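> When you get a sec, could you give me coordinates for this:
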Amino acid sequence: MNTASWVIVVIAVVALLVAVAVLVSRNTANAKRKRAQTLREDAAARAPQVAQQEASAQQVSERARIAKAEADKKAAEAARLRDAATQEQESSTQARADLDAQIHEADRIDPDSNAR
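Alright, predicted model coming up:
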């Protein structure tokens, strides 16, 4: 074979390889398009379910917010009652001390008392 024949063979092989590469590229692109379309269809089919889940999550979140507000209100009431109880305890302690002092004074000044 002469050089011209080799050049023609090489050009033909290169052209064949380019044609194969173009076909493979087209097939790959088509396969990717089909896969993308399938993914979009699956996503569209799942969209209502996801929307329902989002709505449910929003409802639960709202209920949690309401429950927290109620708990905060009850905690504030409990703190107020604790403060009132503390004040009542202090007041009753002072009243008991005053009463005991009065009884002690009565016993001290009573000539008939044995508790001197």
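> so what's Ala4 scoring on pLDDT?
pLDDT recorded at Ala4 is 81.
> separation between Ile103 and Ala97?
Counting by CB to CB, to the nearest Å, the gap from Ile103 to Ala97 is 11 Å. (Each C-beta comes from the backbone N, C-alpha and C, glycine too.)
> At the geometric centre of the chain, which residue sits there?
Closest residue to the average C-alpha location of the chain: Ser61 at 9.0 Å, with CA atoms, centre = their mean.
> Work out for me the element that residue sits within.
Using DSSP states H and E, the element containing Ser61 is helix 3-109.
> And that helix, how far out from the chain middle?
Taking CA atoms, centre = their mean, to the nearest Å, one finds the center of helix 3-109 at 3 Å from the center of the full chain.
> Point out where the protein drops to low pLDDT.
Counting by pLDDT under 70, the chain contains low-confidence ranges at 115-116.
> ok, Phe32 - how many residues close by?
Check again: residue 32 is Lys, not Phe. 10 (other CB atoms under 10 Å).
> try the one 4 residues further on
Burial of Ala36, expressed as a neighbour count using other CB under 10 Å, amounts to 10.
> Report the separation between the closest residue to Val9 other than its chain neighbours and Arg82.
Leaving aside its chain neighbours, Val9 sits nearest to Met1 (8.0 Å; criterion: CB to CB, 6 or more residues apart in numbering). Relative to Arg82, Met1 is positioned 107 Å away (CB to CB).
> Gln94 too?
Gln94 sits 19 Å away from Arg82, going by CB to CB.
> Could you do Arg33 as well?
Distance from Arg33 to Arg82, by CB to CB: 69 Å.
> Could you do Lys32 as well?
Distance, Lys32 to Arg82, using CB to CB: 68 Å.
> again, but for Asp112
Counting by CB to CB - Asp112 and Arg82 are separated by 46 Å.
> who's more crowded, these two?
The neighbour comparison of Asp112 against Arg82 (other CB under 10 Å) goes to Arg82, with 10 against 5.
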